[in-house]
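Novice: sequence below, structure please.
(chains A and B)
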Amino acid sequence: DVKVTQSSRYLVKRTGEKVFLECVQDMDHENMFWYRQDPGLGLRLIYFSYDVKMKEKGDIPEGYSVSREKKERFSLILESASTNQTSMYLCASRWISNQPQHFGDGTRLSIL
Amino acid sequence: RKEVEQDPGPFNVPEGATVAFNCTYSNSASQSFFWYRQDCRKEPKLLMSVYSSGNEDGRFTAQLNRASQYISLLIRDSKLSDSATYLCAGDSGGGADGLTFGKGTHLIIQP
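Specialist: Now for the predicted structure:
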């Protein structure tokens, strides 16, 4: 079974802080993704990576950056957290482009 | 703009009934489609992949209609445990970018 692990289930941070969300997958998947999910808005793609050190903007990259130094790890960074970044953050990975994505447990992030 | 549309529901269905819901997509280049199940405050979990005309897994059947650009999910003999939100997703048509998800259909199975 695919295992995608996110570092925290719940996180509370303050406005202006730099926030790191970590995601690790154990299936040697090429592609990794970060989404956020909000009520009424569904899942929205923030950033994705198709290989080590490669990254591409998704639909809502503003206020975020990512890092993929190793194949198994994909980090999401909130450069200066703001209250509108309070959300559920979901990491996903997949082997290649026509395969399904597998999600981590999610991180519920609250910015106060 | 790529879009995937779903009726948000809720669909209230008695236990044992058959329920079906559709998902329409706007990107005619999409090749692969997926149904995910999401329980409240949990992550989406893969239910079925749909690559050609359809797929069947036990009580669940998915069908793809490329001409009309929709995917359907049929659940037979519904169980209380089927209560969840069902998300439909389609790929971009060959690139490495992410899936486009619908906002989900909320299903409630009533005893």
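
Novice: can you tell me how far the most centrally placed residue in chain A sits from chain B?
Specialist: By Cα atoms, centre = their mean, chain A has its centre lying nearest to A:W34, at 2.9 Å. Separation of A:W34 from chain B (Cβ to the nearest Cβ, to the nearest Å) stands at 9 Å. For the C-beta atoms, the positions are set from N, CA and C on the backbone; glycine is no exception.

Novice: and the contacts of the helix or strand encompassing that residue?
Specialist: Secondary structure assigned from DSSP states H and E places A:W34 in strand A:31-38. Strand A:31-38 is contacted from outside by A:21, A:23, A:25, A:43-50, A:58, A:60, A:64, A:66, A:68, A:74, A:76, A:87-97, A:101, A:106, B:96, B:98, using Cβ atoms under 8 Å, 6 or more residues apart in numbering or on different chains.

Novice: hang on, the earlier thing: what's the pLDDT at the residue nearest to the centre of chain A?
Specialist: Predicted confidence (pLDDT) at A:W34: the value is 97.

Novice: bridging residues for it?
Specialist: Beta bridges link A:W34 to A:Y47, A:C91, judged by DSSP bridges.

Novice: returning to that earlier point: in the strand holding A:W34, which residues are buried?
Specialist: Buried residues in strand A:31-38, counted by 16 or more other Cβ atoms under 10 Å in any protein chain shown: A:31-37.

Novice: where along the chain do the strands fall?
Specialist: You didn't pick a chain, so chain A it is. Under the criterion DSSP state E, chain A contains strands at A:4-6, A:10-13, A:19-25, A:31-38, A:42-49, A:56-57, A:64-70, A:73-78, A:87-94, A:102-103, A:107-111.

Novice: should've been chain B
Specialist: In chain B, the strands defined using DSSP E lie at B:4-6, B:11-14, B:19-25, B:33-38, B:45-50, B:54-57, B:60-65, B:70-75, B:84-90, B:100-101, B:105-110.
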